[in-house]
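Colleague: No sequence on hand, only this structure:
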């Protein structure tokens, strides 16, 4: 293949992404530095306005209070379950196929289902009443609702991802450790965890980033005017309700930076967690 | 030994509980869409299918479905058309800046759509493409093109290069090698990638939501507005619309699951 042919084949997709992904990103950053009203030069007015307004600044805390605990619980549970089921389980194919449902159906449908199922008149509260346990606390249209929605959405994602990762690890490594007398916990801590850690870090980072950008669930099962007014809602309102694209871009940039910060922390921790002095031979998928 | 068994049982019960909760969430929507009236009883007193007709009429689902099909089919075709050549080169050749190109393909899958959707919407509205079907298609292609490329990549890698050489030695022109050798062998990959892009485009909310205007809403965005304005219309009709959406996604998903294992699918969805 000649170089010219090579270019013709790759260039269209590269140009497309440069024009539709990189350029808008750069334009957004540029726009955020040039507020609608004000001096013609670049200014940080939008950012100062965002950080100076408690109503806007609060969205970072609100989003973090949803994203951080949710990510930790989701990844911890998914890791536990995937590790326990690494050598296959009963009805695995059916269960994994069912778990793909919320991922494929998407947030909007899951939100509507949660509003019905977990709602005050839904099956869950009826079931609890029938068991004589009384009414559960309100589970939808508040913080709890968003947590449920995100968990239902991201647990299967994280579980299937880690299951794929963990079952890619050579079983001989574990078997040798057992033959040499290691107890289950030691096998996990000294042999398996160093191999799993990179996959767990990727899963954690992906779930965190998705949780931090939560929008439809926060609106449909949450309380978008108060308890669950996340940063994505703030950005959306600036763009489409106040038509202030410059401020909206600034908020989007802040959101992106928060996500980047989360990623940086995960990458930093990963180095520490995996550092057990064990060589990472035979790791699964990279 | 019993402790280990108890642990396994606990974990199994958890996953069973979670699956039941999923089934509950989904079937609650289905039952509600068929209810004449339903209020705080395990099942509705009387069933009816009239909400489907109501929903079809009130939410103008024929228009919405036409838009959805147009967007999904166009995005899939474009993603395969642009993605296959790129996947072919990535699988066959090393070239300068290959890592930078891979990063460029990878980022739209990694960065959440809400983060880059707002600047993207801003630029597209500036050029008056925002709010049109064209804008929805262009925006959806941003994550779907990389998705197609990463799904196609392992399929192309599996095609032995010596087959192409053999065809060349026997006098086939490059065009013939492509049409008679590469394309037929890549067909399963194209089918898989096509189905995954199709189902993801139909279910993709954020970018479509930010870019669509009055006449360019896909089904999932129309469903969002219906759920958002709960109380404007009977909840049963909203659920009927949700079931129609679900049926479409499930049909494509079942077809896709014939070719990929669920665990593979997530790796793709998450961008490897």
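Modeller: Cool, got the structure. Quantities reported herein were computed from a predicted structural model and do not represent experimental measurements.
Colleague: Residue B:117 touches residue B:204, doesn't it?
Modeller: No: counting by C-beta atoms under 8 Å, residue B:117 sits too far from residue B:204 to count as a contact (10.6 Å). For every residue, glycine as well, the C-beta is placed using N, CA and C.
Colleague: Neighbour count: the two, which is higher?
Modeller: residue B:117 (28 against 24; other C-beta atoms under 10 Å in any protein chain shown).
Colleague: The residue nearest to the more buried one when sequence neighbours are not counted and residue B:136, how far apart?
Modeller: In this structure, residue B:117 finds its nearest non-sequential neighbour in residue B:210, 4.6 Å apart by C-beta to C-beta, 6 or more residues apart in numbering or on different chains. Distance from residue B:210 to residue B:136, counting by C-beta to C-beta, to the nearest Å: 9 Å.
Colleague: for residue B:98, same thing?
Modeller: 31 Å.
Colleague: same deal with residue B:176?
Modeller: Taking C-beta to C-beta as the measure, residue B:176 falls 38 Å from residue B:136.
Colleague: Which one's more surrounded, these two?
Modeller: Comparing residue B:176 with residue B:136 by neighbour count (other C-beta under 10 Å), the higher total belongs to residue B:136, at 32 against 13.
Colleague: Quick one: residues contacting the more buried one.
Modeller: Applying C-beta atoms under 8 Å, 6 or more residues apart in numbering or on different chains to residue B:136 gives the contacts B:67, B:71, B:207, B:208, B:211, B:212, B:216, B:218.
Colleague: so which strand or helix has the residue nearest to residue B:117?
Modeller: helix B:206-211 (DSSP states H and E).
Colleague: which residues sit against that helix?
Modeller: By C-beta under 8 Å, 6+ apart, the list of residues contacting helix B:206-211 reads A:215-216, A:236, A:239, B:71, B:112-114, B:117-118, B:120-121, B:124, B:130-131, B:135-136, B:139-140, B:142-143, B:217-218, B:220-221, B:224.
Colleague: what sits against residue A:139?
Modeller: A:118, A:119, A:124, A:125, A:145, A:148.
Colleague: can I assume the second one sits in a helix?
Modeller: Going back to what we said before, that points to residue A:119. No: checked against DSSP: H, G, I helix; E, B strand; the rest coil, residue A:119 lies outside a helix; its state is coil.
Colleague: what about it, neighbour count?
Modeller: 19.
Colleague: Give me every residue in the stretch 151-286 of chain A lying close to chain B.
Modeller: For the stretch 151-286 of chain A, the residues in contact with chain B (C-beta under 8 Å from any C-beta of the partner chain) are A:152, A:155-157, A:160-161, A:163-164, A:167, A:184, A:206, A:209-210, A:212-213, A:215-216, A:219-220, A:232, A:235-236, A:239, A:245, A:248-249, A:251-252, A:255-256, A:259, A:285.
Colleague: among those residues, which are in helices?
Modeller: A:152, A:155-157, A:160-161, A:163-164, A:184, A:206, A:209-210, A:212, A:216, A:219-220, A:232, A:235-236, A:239, A:245, A:248-249, A:251-252, A:255-256, A:259 (DSSP state H).
Colleague: how is the chain carved up into domains?
Modeller: This is for chain A. Domain assignment for chain A by automatic domain parsing gives A:1-32, A:45-274.
Colleague: Switch to chain B, please.
Modeller: B:1-48, B:50-269.
Colleague: Could you look over these and pick the most buried one?
Modeller: domain B:50-269 (a mean of 19; mean count of other C-beta atoms under 10 Å in any protein chain shown).
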